[in-house]
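Q: Just need the structure, nothing else, for what follows:
(one chain, ligands or ions: 1)
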Amino acid sequence: MNVVITGVSRGIGMELARLALDKGHKVLGVARKSVQLAGDFTFIEADLMDERAIDRVVKALNGWDRVDVLINNAGVARQGDSREGFLACFELNSIVPFLLTKALLPLLKNSKSPKVVNVSSLMGSITDNNSGGTYAYRASKAALNIINKSMACDNDWLTTVVVHPGWVKTDMGGPEAPIEVAESGAGLWNVIDSLNRTDSGHFYDFRGKELPW
Ligand SMILES: NC(=O)c1ccc[n+]([C@@H]2O[C@H](COP(=O)([O-])OP(=O)(O)OC[C@H]3O[C@@H](n4cnc5c(N)ncnc54)[C@H](OP(=O)(O)O)[C@@H]3O)[C@@H](O)[C@H]2O)c1
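A: Residues are numbered from 1 along each chain as shown. Here you go, the predicted structure:
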């Protein structure tokens with residue numbers, strides 16, 4: 001499969017890329033900090049908050065006839081709930097996945113079984129929010145969830161989902177998180193591999209359980 005993953009320099013994105021490469025997939029990864037991974041891997045150094053970044057990713061895919069899986073994983077949290085915090089969260093967590101998916105629709109359309117996986121968070125679930133706080137991050141993931149639903153409605157040939165990776169031990173999740181990246185990454189790939197058209201527009205955790213909005 002031909003796979004595009006954002007945020008491959010560490011954490012969940014790097015694990016997802018490693019697992020894909022181990023399975024023999026071709027992977028194009030994007031992040032600001034350069035990383036080299038074993039296998040058929042191309043790295044694009046880009047700050048996705050820079051409006052030219054999407055074009056650079058599209059250009060880097062020039063020789064690809066199709067994209068089978070796009071994983072919008074790059075994300076930001078802990079920017080606080082200031083104006084700047086809100087703007088950063090919305091830009092990277094909601095707007096970039098939308099723009100990148102839109103830009104890659106022609107290549108996704110060439111796949112027999114195209115999938116878009118937007119890495120959201122249970123923090124973006126309104127039903128699950130019983131503790132409050134974290135306004136900017138929660139709102140940006142809730143926005144990603146509804147963007148995903150519209151993408152699913154508008155593209156009946158595409159399987160596009162939002163996933164919650166669990167609370168994972170990464171720079172973002174912190175050392176107290178109960179789930180290792182290896183468990184989250186393996187679970188997410190099980191979910192991705194088993195997705196079919198009827199799953200489009202839905203919200204799953206890394207164990208495949210459907211989550212409430
Ligand atoms: N960890 C958790 O417990 C948890 C829970 C729920 C949801 N999530 C979601 O899972 C996803 C991955 O989280 P993580 O825990 O792996 O986070 P992480 O360890 O902080 O890694 C974030 C990744 O995103 C990339 N990134 C950040 N800003 C970027 C930018 N402006 N341009 C390009 N790439 C950028 C980073 O690379 P560079 O810094 O090199 O650019 C890094 O590769 C996020 O969407 C997050 O919201 C995580």
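
Q: Residue numbers of this protein in contact with the ligand?
A: 6-13, 30-33, 47-49, 73-77, 92, 119, 121, 164-165, 167-168, 170-173, 177 (C-beta under 6 Å from any ligand atom). Where you see a C-beta, it was placed from the backbone N, CA and C, and this is true even at glycine.

Q: out of those residues, which are inside strands?
A: 6, 30-31, 119, 164 (DSSP state E).

Q: Need the per-residue pLDDT for the residue nearest to residue 7 when sequence neighbours are not counted.
A: Once flanking residues are discounted, residue 7 sits nearest to residue 74: 3.2 Å by C-beta to C-beta, 6 or more residues apart in numbering. With respect to pLDDT, residue 74 has a value of 98.

Q: quick one: contacts for residue 74?
A: Going by C-beta atoms under 8 Å, 6 or more residues apart in numbering, residue 74 touches 6-7, 13, 30-31, 48, 92, 96.

Q: try residue 53
A: Neighbours of residue 53 in contact, by C-beta under 8 Å, 6+ apart: 30, 46-47, 96.

Q: Put the buried members of those residues into a PyMOL selection.
A: Entered in PyMOL, the line below selects the buried ones among the contacts of residue 53, by 16 or more other C-beta atoms under 10 Å:
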select buried, resi 30+46+96
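
Q: In the longest helix seen in the chain, which residues are buried?
A: Ranked by residue count under DSSP state H, the longest helix found in the chain is helix 135-154. Within helix 135-154, the residues scored as buried using 16+ other C-beta under 10 Å are 136-145, 147-149, 151-152.

Q: What is it packed up against?
A: Secondary-structure packing of helix 135-154 (3 or more C-beta pairs under 8 Å, 6 or more residues apart in numbering; DSSP states H and E): helix 83-89, helix 96-109, strand 115-119, strand 159-164.

Q: can you redo these as a markdown table with mean pLDDT?
A: Output for these, formatted as a markdown table (pLDDT from 0 to 100):
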| stretch | mean pLDDT |
| --- | --- |
| helix 83-89 | 97 |
| helix 96-109 | 98 |
| strand 115-119 | 99 |
| strand 159-164 | 98 |
